[in-house]
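Student: sequence first, predicted model second:
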Amino acid sequence: MSIHKQTYKDKLKKRNLVAYSSPDSLISEQYRTIRTNIKFSSVSKKRNIIMITSPTSAEGKSTTAANLAVSMAQNKEKVLLIDANLRNPAIHSIFKVPNKSGLTNILSGLSTLENTIFRTGMGELDVLTSGPIPFNPGEIIGLPAMQEFLIQCEENYDIILIDSPSILEVTDTKILADYCHGIILVFNSGKTEIKKALATKRILQFVEDKIIGVVLNENPETRLTNLLKKIL
Ligand SMILES: Nc1ncnc2c1ncn2[C@@H]1O[C@H](COP(=O)(O)OP(=O)(O)OP(=O)(O)O)[C@@H](O)[C@H]1O
Ligand SMILES: [Mg+2]
């Protein structure tokens with residue numbers, strides 16, 4: 001009888017990491033296109049720290065951040081993916097890793113980056129999960145300690161991707177936007193309301209030049225796509 005020992009990489013095939021499990025798929029090709037667009041936008045501007053956000057919840061931020069991180073690592077970049085959505089962290093479940101310690105432990109001075117990251121083995125992709133959820137989850141990401149931490153990360157990685165909370169629901173997300181060099185907006189094309197897309201754009205006006213682009217998640221052939229062309 002042969003015993004199949006499930007490896008870490010086997011486990012991942014069951015999750016939403018299409019860029020890893022099906023690199024030849026059309027979806028993975030789309031992630032490579034986003035990756036290339038980021039690269040182009042980095043020619044004239046520094047874009048090492050990039051956050052992924054959206055107007056409201058469940059629009060596909062974590063899915064986009066995780067797959068983009070894998071895609072960048074496949075391109076031989078040294079990548080750190082940080083889960084900064086302390087309200088509803090998801091990166092640990094997408095990568096099937098424990099979340100006993102993570103970003104919150106580092107920000108509170110209880111742990112170091114070196115001791116907390118998970119090395120995925122997918123190229124040079126390291127993942128930093130959220131860590132235990134604090135009582136004030138919305139406020140932590142806007143603290144100066146977060147900015148100092150990101151500056152420290154820059155010394156060790158080519159690119160830092162931050163899976164963030166939504167803009168309209170967690171106000172400190174906009175402070176985090178100030179700490180980053182680039183912002184990717186994820187809109188769920190079937191769900192995001194135009195007025196919320198516009199409100200997001202308005203809130204981010206003070207960092208408008210950092211917005212790299214919009215990822216239209218799920219079905220792109222909708223009313224929203226046409227309206228977005230007018231808005232952006
Ligand atoms: N393109 C897609 N096609 C089908 N399902 C998707 C797609 N993108 C995301 N999903 C699913 O939608 C749900 C929400 O996605 P995800 O967790 O990435 O959103 P989120 O914006 O990070 O949510 P939150 O605001 O809670 O952090 C998940 O179950 C995910 O698997
Ligand atoms: Mg999420």
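Tutor: Great, that's in hand. Ligands and ions are numbered 1, 2, ... in the order given.
Student: write out the residues of the protein neighbouring ligand 2.
Tutor: Within the chain, the positions near ligand 2 by Cβ under 5 Å from the ion are 61, 62, 85, 90. (Glycine included, C-beta is placed from N, CA and C.)
Student: want to throw the residues you listed into TSV with secondary structure?
Tutor: Converted to TSV, those look like this (DSSP: H, G, I helix; E, B strand; the rest coil):
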residue	secondary structure
61	helix
62	helix
85	coil
90	coil
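Student: buried residues in the lengthiest helix in the chain?
Tutor: Across the chain, the longest stretch assigned as helix under DSSP state H is helix 26-41. Neighbour-count burial for helix 26-41, counted by 16 or more other Cβ atoms under 10 Å, picks out 28, 30, 31, 32, 34, 35, 38, 41.
Student: over to stretch 136-155?
Tutor: Going by neighbour count (16+ other Cβ under 10 Å), the buried part of stretch 136-155 is 137, 140, 141, 142, 146, 147, 149, 150, 153.
Student: my read: the fifth one touches residue 176, true?
Tutor: Yes: using Cβ atoms under 8 Å as the test, residue 146 is close enough to residue 176 to be in contact (6.9 Å).
Student: between these two, what contacts are shared?
Tutor: Residues within reach of residue 146 and of residue 176 at once, by Cβ atoms under 8 Å, 6 or more residues apart in numbering, are residue 84.
Student: thinking again about what came up before, so which of the buried residues of helix 26-41 comes closest to residue 100?
Tutor: Checking the buried residues of helix 26-41 against residue 100 with Cβ to Cβ, the nearest one is residue 31 at 29.2 Å.
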